[in-house]
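Visitor: Return a 3D structure for these sequence lines:
(one chain, ligands or ions: 1)
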Amino acid sequence: MLIAGNWKMNTDRQRAVSLARDVLEHVGDSDSDVLVAICPPFVNLEAVSSVVSGSAVRLGAQNVHHAESGAFTGEVSVPMLQGVGCHYAIVGHSERRQYFCETDETVNEKVKACVDSRLVPIVCVGESLSEREENKQEEVVTRQVRKALSGVDLPDAASLVVAYEPVWAIGTGRTATPEQAQEVHALIRGLLVQSFGETIGKAINILYGGSMNPGNAEELLAQTDVDGGLIGGASLKPDQFAAIVESARNQAAIN
Ligand code: 13P
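Guide: Residues are numbered from 1 along each chain as shown. Presented below is the predicted three-dimensional model:
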C-alpha cells in the first residue's frame with residue numbers, strides 16, 4: 001500500500017518544512033506494508049528533502065518533464081528531481097490535463113522518462129463529471145491507462161503506480177462510493193494484468209484519489225483493488241493525513 005500526499009500549489013518554504021516535520025511526527029516509524037510519500041511544490045522539494053531524508057517518508061514531485069535537459073523554460077527533469085531526493089513524480093494529474101494542456105501523449109512521454117530512470121511515476125487517470133454522467137468511465141479510463149503505459153515494458157512496469165482520481169470527486173467533498181472505486185480499480189487491474197502479466201499486474205499499487213479523508217478512508221482502502229490513496233486537501237492536515245495512514249496500516253494488517 002501507498003499513501004501519498006499531493007500538496008498541490010500550497011505551502012511556502014516555512015510551512016512546507018513545518019508540515020513535513022508534523023507529518024514525520026504523526027506518521028512515526030516505518031511500516032513496510034504501507035509506504036508514505038509527500039509531494040510538495042517544486043521549490044520546496046529540497047527543503048522538505050532535508051526534513052524527511054533518512055526517514056520512512058518518501059519524497060515526490062507533482063510533475064516532471066520528459067526530456068533530460070534542454071531548452072524547456074520553466075520545466076524540471078527526472079534527473080533534477082532525483083538530485084533533490086525524489087522517489088516519485090505525479091504524472092498526468094487531472095489539473096495538469098485540464099489547465100496545462102497535458103494529453104495522453106505527453107503523459108506517456110513522461111511515464112517513459114520516469115521508468116527509464118527509475119523515478120516512480122504515479123500515473124493519474126479518471127473521468128470527468130460529464131463522462132461519468134454519460135457512463136463513459138470505463139471507456140475513458142481504459143484509453144487513458146493504455147495510452148499512458150504504451151511502450152512501457154517489463155521489468156520497468158513493476159515500479160509503476162497508478163492513481164484513479166475521478167475528476168468529479170477532486171476537492172469537491174463528493175467521494176466515489178467504495179463500490180464505484182472498486183469497479184474502476186478492477187478495470188485498471190485487468191488492464192495491468194493484460195499488459196504485464198499476473199504477477200506484476202497484481203503487484204502494481206492502484207491508488208484512489210478524490211476527497212479521501214479519515215471518515216471514508218477505511219471503507220475505500222478495504223476494497224480488493226484499492227492499494228492506497230492520493231490525498232489532496234487532507235494531506236495538508238497532519239492529523240488527518242496520519243489517520244488515513246493508520247487506516248491503511250489497519251487494512252494491511254488484515255490482508
Ligand atoms: P482532494 O483530496 O483534495 O480531493 O484531492 C485529490 C487529488 O487531486 C490528489 O491528487
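
Visitor: Close to the ligand: what parts of the protein are there?
Guide: 6, 93, 165, 170-171, 209-212, 230-234 (CB under 6 Å from any ligand atom). Just so you know, the C-beta spots here come from the backbone N, C-alpha and C atoms, and that holds for glycine as well.

Visitor: Looking at those, which one is closest to the ligand?
Guide: Distance to the ligand across the residues of the chain next to the ligand (CB to the nearest ligand atom) is lowest for Gly232, with 2.2 Å.

Visitor: from the residues of the chain next to the ligand, which two are the most distant?
Guide: Taking CB to CB, the two most distant members of the residues of the chain next to the ligand are His93 and Ala234; they sit 16.3 Å apart.

Visitor: Just want to know which of these two has more residues nearby.
Guide: Taking other CB atoms under 10 Å, His93 and Ala234 do not tie; His93 has more neighbours (27 against 21).

Visitor: Just read off the phi/psi values of that one.
Guide: phi -60, psi 150 (degrees, to the nearest 10).

Visitor: And it, how close does it get to Asp239?
Guide: 25 Å (CB to CB, to the nearest Å).

Visitor: cool, and Met9?
Guide: Relative to Asp239, and taking CB to CB, Met9 is found at 22 Å.

Visitor: Of the two, which one has the most company?
Guide: Under the criterion of other CB under 10 Å, the comparison of Met9 against Asp239 puts Asp239 first, with 10 against 7.

Visitor: Tell me which helix or strand that one sits in.
Guide: helix 238-254 (DSSP states H and E).

Visitor: residues in contact with the nearest residue to Asp31 once chain neighbours are set aside?
Guide: Computed as CB to CB, 6 or more residues apart in numbering, the closest residue to Asp31 that is not its neighbour in sequence is Arg249, at 5.6 Å. Each residue near Arg249 by CB atoms under 8 Å, 6 or more residues apart in numbering is listed here: Asp31, Asp33, Val34.

Visitor: give me the number of residues near the residue nearest to Leu119 when sequence neighbours are not counted?
Guide: Spatial nearest neighbour of Leu119, excluding adjacent residues (CB to CB, 6+ apart): Val78 at 5.0 Å. Neighbours of Val78 under the rule other CB under 10 Å: 25.

Visitor: likewise Asn108?
Guide: The burial count assigned to Asn108 is 22, neighbours taken as other CB under 10 Å.

Visitor: Also Ala203?
Guide: Neighbour tally, Ala203, other CB under 10 Å: 13.

Visitor: tell me the contacts of it?
Guide: The contact partners of Ala203, by CB under 8 Å, 6+ apart, come to Ala158.

Visitor: So what does it have for phi and psi?
Guide: Per-residue torsions, Ala203: phi -90, psi -20 (degrees, to the nearest 10).

Visitor: And it, what's its pLDDT?
Guide: Per-residue confidence (pLDDT) for Ala203: 95.

Visitor: Now for the nearest residue to Cys39 once chain neighbours are set aside: which residues touch it?
Guide: Spatial nearest neighbour of Cys39, chain neighbours left out: Gly60 (3.9 Å); criterion: CB to CB, 6+ apart. Neighbouring residues of Gly60 by CB under 8 Å, 6+ apart: Ala4, Ala37, Ile38, Cys39, Cys86, His87, Tyr88, Ala89, Ile90, Ile122.

Visitor: for Ala89, same thing?
Guide: 60-64, 78, 81, 110, 114, 119-122.

Visitor: In a helix, it, correct?
Guide: No. Looking at Ala89 with DSSP: H, G, I helix; E, B strand; the rest coil, it is strand, so not inside a helix.

Visitor: Could you check how many residues crowd around Pro214?
Guide: 17.

Visitor: ok, the nearest residue to it once chain neighbours are set aside to the ligand distance?
Guide: Once flanking residues are discounted, Pro214 sits nearest to Ala243: 3.7 Å by CB to CB, 6+ apart. For Ala243, the distance to the ligand (CB to the nearest ligand atom, to the nearest Å) stands at 14 Å.
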